[in-house]
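Visitor: could you look at this predicted model? Sequence included:
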Amino acid sequence: MPNFPKKLSQKLEQRQHENALRKLSTSSRLVDFSSNDYLGLAKSDGITNHWESLVQKFNLNTHSATGSRLLTGNHPIHEAFEAFLADFHGMDAALVFNSGYDANLGFFSAVPQRGDVIFYDEWVHASIRDGISMSKAQNYKFKHNDIADLSEGVLRIKKQGKLQENTEIYVATESVFSMDGDSPNLLEISAFCEKEGIHLVVDEAHASGIFGDGKGLVHELGLSENVFASVVTFGKAFGQHGAAILGNENLIQYLVNFARSFIYTTALPPKEIASIWAAYLVLEQQGQKYIQDLKENIRFFLEKAETYGLQTHFIESTSAIQSMRCSGNDNAKATSDFLAKKGFDVKPILSPTVPLGMERLRFCLHTFNTNEEINQVLKSIQRFNAS
Ligand SMILES: Cc1ncc(COP(=O)(O)O)c(C=O)c1O
């Protein structure tokens, strides 16, 4: 067996030492307070029915796309679904990517050019940061959800007089942040970007399917025409896999030509596109009920957090993600382990995923969580804190 490089072993040992070693585990039989299947669509029978109709309608008889979209992998259902998506989300056009990770990587590595500038919220998802790190544009982070800090940064670089006439500025944020479930003031950010001639890019991974009757927070706030691009993912509320970038026709044409994570990969299989589309059809027909049930569970969770005196530990959020501050990897892990023993799957978010001292316990709420489960999990935390 070839030797494993010593410096890599040392990095693993360091992780172990920090109680931060990542390990794979199969999903447990515990009560689910951790998956992204917010609406419970991953197991919906309705999806199977719509899926079968789409498979018939598009005569889908292959298990693979068989190539990149630009070679043999482009099937009529890909294009029909993209037209549906653009219409559903109220944008001009859409382009499907194999995952949200690929969508952000493709966009940020290809769109901002050398001489351009990207400002990004310090808490944006790793996929946006990785895309930015591949871009030749300059990049600056701004404080989380802090428009004053963003505007100071923009003014500063404008004053330096180093920008060329054709410099484009991009701002990247999320409509619901994946770690804390909180949201920026998108109306203000959008107004600021419009005033300064900046392109706003919003990752809607945790908002699509839930806000704006499933169309996303951008749509709910009437900002569809104000954002340069938004990213919706299918692996969260839609209970599927994959993602799309929404924007105007020129942007989509540009991405087809230059986004390497779109070009150099086998496309999603047509039957998988049918499954994602089926989830959208379920949402169109019964979304009101699903979304209402989820919102009721979020309301109940917040009410019970207050009952047990825990509300000050939680980061303010009205989304399905409720994060509790739980400083230190040991502490966050111990709390999560205690809850697991009580039958609840609540994941700790450890450093280095979040900065040291900002470790959290992240609750993902779902339509299928019962009031009793919500009550018991919060009561258990109160007991653990008191012990
Ligand atoms: C905000 C955000 N963007 C993008 C992604 C990546 O999406 P996907 O899981 O489809 O790769 C995630 C996933 O966790 C996310 O939270």
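Guide: Perfect, thanks for sending it.
Visitor: pull up the residues of this protein that are close to the ligand.
Guide: Taking CB under 6 Å from any ligand atom as the criterion, the chain approaches the ligand at residues 99-101, 104, 125, 127, 174, 178, 203, 205, 233, 235, 243. C-beta here means a position set from N, CA and C on the backbone, and glycine is covered the same way.
Visitor: quick check: the farthest pair among the residues you listed?
Guide: Longest distance between any two of the residues of the chain next to the ligand is 15.9 Å, between 99 and 174; criterion CB to CB.
Visitor: return the set of buried residues in stretch 169-186.
Guide: Neighbour counts using 16 or more other CB atoms under 10 Å place 169-184, 186 of stretch 169-186 among the buried residues.
Visitor: stretch 322-332 now?
Guide: So, applying 16+ other CB under 10 Å, buried residues of stretch 322-332: 322-326, 329, 332.
Visitor: over to stretch 238-252?
Guide: Along stretch 238-252, the positions that meet the burial threshold by neighbour count (16+ other CB under 10 Å) are 238-247, 251-252.
Visitor: how about the stretch 201-350 of the chain: which residue is closest to the ligand?
Guide: Among residues of the stretch 201-350 of the chain, the one nearest the ligand by CB to the nearest ligand atom turns out to be residue 205. It sits 3.5 Å away.
Visitor: list the contacts of that residue.
Guide: Contact analysis of residue 205 by CB atoms under 8 Å, 6 or more residues apart in numbering lists 100, 125, 174, 176, 178, 231-233, 236, 243.
Visitor: pull up the distance across stretch 208-226, start to finish.
Guide: For stretch 208-226, the first and last residues are 17 Å from each other (CA to CA, to the nearest Å).
Visitor: without its sequence neighbours, what residue ends up closest to the closest residue to the ligand within the chain?
Guide: Proximity of the chain to the ligand (CB to the nearest ligand atom) peaks at residue 100, 2.2 Å away. Beyond its immediate neighbours in the sequence, the residue positioned closest to residue 100 (CB to CB, 6 or more residues apart in numbering) is residue 233, lying 3.6 Å away.
Visitor: likewise for residue 285?
Guide: The nearest residue in space to residue 285 (CB to CB, 6+ apart) is residue 46, at 7.5 Å.
Visitor: how about that neighbour, secondary structure?
Guide: Three-state secondary structure (criterion: DSSP: H, G, I helix; E, B strand; the rest coil) places residue 46 in helix.
Visitor: the helix or strand harbouring residue 273 packs against which elements?
Guide: If you go by DSSP states H and E, residue 273 is part of helix 270-307. Contacts of helix 270-307 with other secondary structure elements, assessed using 3 or more CB pairs under 8 Å, 6 or more residues apart in numbering; DSSP states H and E, are made with helix 45-57, helix 76-89, strand 321-325, helix 371-386.
Visitor: which segments of the chain make up each domain?
Guide: Domain assignment for the chain, taken from automatic domain parsing, gives 28-44+286-386, 64-268.
Visitor: return the most buried member of these.
Guide: Across these, averaging neighbours per residue (mean count of other CB atoms under 10 Å) puts domain 64-268 on top, at a mean of 20.
Visitor: how far does it sit from its chain's centre?
Guide: Taking the mean C-alpha point of domain 64-268 and that of its whole chain, the gap between them comes to 11 Å (CA atoms, centre = their mean, to the nearest Å).
Visitor: check stretch 376-387 too.
Guide: Here the centre of mass of C-alpha atoms in stretch 376-387, compared against the chain's by CA atoms, centre = their mean, lies 29 Å away.
Visitor: which residues sit against it?
Guide: Residues from elsewhere that reach stretch 376-387, judged by CB under 8 Å, 6+ apart: 31, 33, 301, 304-305, 307-310, 324, 335, 338-339, 342, 344, 346, 361, 363.
Visitor: and stretch 61-73, by the same measure?
Guide: If you take CB under 8 Å, 6+ apart as the criterion, stretch 61-73 is touched by 74-75, 78, 256, 262-271.
Visitor: show me where this structure has helices.
Guide: Per DSSP state H, the chain has helices spanning 6-17, 45-57, 76-89, 100-110, 126-133, 147-159, 186-196, 217-220, 249-258, 260-263, 270-307, 329-341, 371-386. These are given in chain order.
Visitor: okay but residue 88 is in contact with residue 213, surely?
Guide: No: Residue 88 is not in contact with residue 213 according to CB atoms under 8 Å; the separation is 9.8 Å.
Visitor: nearest to residue 20, out of the helices and strands packed on helix 270-307?
Guide: When these are ranked by proximity to residue 20 (CB to CB), strand 321-325 comes first, at 17.5 Å.
Visitor: send the alpha carbons of the closest one over as CSV?
Guide: What follows is the C-alpha trace of strand 321-325 in CSV, where atoms were taken according to Å, rounded to 0.1, in the frame of the first residue of the first chain:
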residue,chain,number,x,y,z
ILE,A,321,-33.7,26.8,10.4
GLN,A,322,-33.4,27.7,14.1
SER,A,323,-29.9,27.9,15.5
MET,A,324,-29.0,27.8,19.1
ARG,A,325,-25.6,29.3,20.2
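Visitor: roughly how far out does it sit from the chain middle?
Guide: If you compare the mean C-alpha spot of strand 321-325 with that of the full chain, they lie 16 Å apart, counting by CA atoms, centre = their mean.
Visitor: what helices and strands are in contact with it?
Guide: For strand 321-325, the contact count by 3+ CB pairs under 8 Å, 6+ apart identifies helix 270-307, strand 360-364 as packing neighbours.
Visitor: all set now, cheers.
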